[in-house]
Every structure is written in C-alpha cells, then in structure tokens.
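Trainee: Predicted coordinates and the sequence they were generated for:
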Protein chains: 2
Amino acid sequence: MSQATPPKPTDAELEILHVLWQHGPATVRAINDSLSQRRQAEVGYTTTLKILQLMLEKALVRRDAADRSHVYRAAVREQETQGLLLDKFVAATFGGSAMKLVMQALGSRSTSADELAQIRRLLNDIEIQNSTSNSDDDDRA
Amino acid sequence: MSQATPPKPTDAELEILHVLWQHGPATVRAINDSLSQRRQAEVGYTTTLKILQLMLEKALVRRDAADRSHVYRAAVREQETQGLLLDKFVAATFGGSAMKLVMQALGSRSTSADELAQIRRLLNDIEIQNSTSNSDDDDRA
DNA sequence: CTCATTCTACGAAATGATTCGTAGTGACCT
DNA sequence: AGGTCACTACGAATCATTTCGTAGAATGAG
C-alpha cells in the first residue's frame, strides 16, 4: 500500500495536465509550445521543464526517458483530479454544499436549452440509479 | 467609475468573510474566536488582526474605528464573491465549461431526492426566464 | 498614580509556487 | 575533430500568503 494519492495539483501543474489530457503523451518542447499558445505570452522552456520535474516527484506524471528528449504522460485521470479539486473548492467557498455551488453555477450564468436538457437527462439517470439501488424508497412526488 | 472590483480573496480571507457573512459585523476578538472554533486549532490573535488589516487595504472589509476595539464588516456580498471565485475555478479546472462542473458535481456525488427536486425547480425557472425574456429574434440586451 | 490587561500597528520569518539562468551532456553536421 | 544546437538538471531569485513576535498606546482597577 505504497500508493499514496497524488496531491492536489497547483495552477501551473493543472494547466500542464490539461495539455496532457487533451494531447496525450508529449515532450517538454511540445508541452511548452501548447502552453505558450494557451497563454498570451511565451513560457520559458526551463520553466515548463522544472514544473514537469516537480510533477514527476509528486507522481502527477510519468515519463519515458528512453529517448534523449523525455516523453511525459499524465499519471492522474481527468475526472478524478477535477473531483478532488472540486471537493476542496466546494468546502472552501460554499461551506461544503455542492447544492449551493450548482445553484450558483446555473443561476448566475446563461445556460442554453441544450445544456439544460443535458442536465435533465443527468438528473433522470441519477434518479434511476437512486431508485434501483434502493428498492424500498420509490417516491413519486 | 472609481469603484475597482475588490480582488479575489485568498483562502484565509475567505474564511474570515464566511464568519462575517454568518455573524455580521464583529470585533477582531470575536472573529478570532469563531475562526479558532471552525478550525481544530487556536489561531493567533495577531494573525487574524493582520489578515483583517490586509483585507481592509484590499477593500474586502470595512471597519468602524470609533471604539478602541474596531468593528469589521464584510464589504463584499457573499453571492458575488462566490460567483467570482466560481468563474476562476471553472476556468482553471474545467476549461471554462460550467456544464462540466455541474455534471461532475452531480455525477460523482450522492445527491438526495430533495436536492434533485430543487435543481429541477431551478431548471424550470431558468427555462421560463429564457423563453420570456428572449423570444426568438428579439434581441433587447 | 501605577500596574496589568487589551488593543492596534508593524516587521519579519516561514512556506509554497513560479520563474528563469547557468552548467553540463550528448547528438548531429560539416 | 570542432562547433553548434537541443536537452536535462539544478540552484536561486521573486512573489504571494500565512503566521507570529514585539512595541507602544489606551483602558480600567486598586
């Protein structure tokens, strides 16, 4: 059981993870280029390299050092990482209430009909899940 | 328009804002006590004081210095502040997609029937808003 | 008046994140 | 072989945040 959960990525680390999640394994050079595009300004090559090295220590990424230019890949899944960050954020900002967060996200933002329908579909799925896993509780309000 | 938007509060500042939002105006002493309760450990009195002084500079709080022990009050509204933080968070973590956030928040979390109903109600309200305020090709922004 | 208590103000240490410069190494081209 | 280029490793400067210690002023009790 030496598999400690990788720690919460910082902002810069998260940005690199986004690149890796989107593009798949990549060299420092490629990651740095993506990063420079994504922001408005050039990012120093060694800055990106350094962060990747720190991420390697934290086990947020793995690397293949077979070639001279190492290839990095994400070692954490997108959904899990986002869930982890979401938990922290909800705790700090909304006192732990995911409901408040959802209300705020939907309420103070323009949401298209498509998106609303998508959420409804999700709600239905969740309700089905809830009722099938919990047979004595069939409420038809 | 000299009303610059107060900056994004840090974690410690946000925690103090929570206290102020919940309890209303309070002295440093009272705030410090609430903080110490909220966490597991004692918080140094001067630590709380210092943060409040910084928050004052940033215009996150106001203070009444009439008495010897100053009374601080929140200068930013809860919903607005949460909305600001939410925007930043969604941008950094979900690439700007509030939808992904909502899906994640609802999907990977146990949500009660009550809460689901609450969200459905909110969805209905939003759809009504959308259809009444915005009929087809009538763009009155 | 004097002492103890409580307050504010401020400096500064400790920590974490981000950035970049420099050094060293290997590869490739001529 | 010699020179140039791209790469990794690493130290260190910078910046923001959080924390606390100390000093000095006001207050109230005896």
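Mentor: Looks like it arrived, so ask away.

Trainee: Up against DNA strand C, what does chain A have?
Mentor: Within chain A, the residues that sit near DNA strand C (Cβ under 7 Å from any atom of the strand) are A:10-13, A:43-44, A:46-47, A:49-51, A:54, A:68. Where you see a C-beta, it was placed from the backbone N, CA and C, and this is true even at glycine.

Trainee: which among those are in contact with DNA strand D?
Mentor: By Cβ under 7 Å from any atom of the strand, the members of the residues of chain A next to DNA strand C lying near DNA strand D are A:Thr46, A:Leu49, A:Lys50, A:Arg68.

Trainee: So the last one lies in a helix, does it not?
Mentor: So the one you mean is A:Arg68. No: counting by DSSP: H, G, I helix; E, B strand; the rest coil, one finds A:Arg68 to be coil, located in no helix.

Trainee: pLDDT on the strand or helix carrying A:Arg63, on average?
Mentor: According to DSSP states H and E, A:Arg63 maps onto strand A:61-64. Across strand A:61-64, the average pLDDT comes to 96.

Trainee: Please enumerate the strands of chain A.
Mentor: A:26-27, A:61-64, A:71-74 (DSSP state E).

Trainee: can you put those in JSON lines and add distance to chain B and mean neighbour count?
Mentor: Shown next, in JSON lines, are the strands of chain A (distance: least, Cβ to the nearest Cβ, whole Å; neighbours: other Cβ atoms under 10 Å in any protein chain shown):
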{"stretch": "strand A:26-27", "distance to chain B": "18", "mean neighbour count": "18"}
{"stretch": "strand A:61-64", "distance to chain B": "18", "mean neighbour count": "16"}
{"stretch": "strand A:71-74", "distance to chain B": "15", "mean neighbour count": "19"}
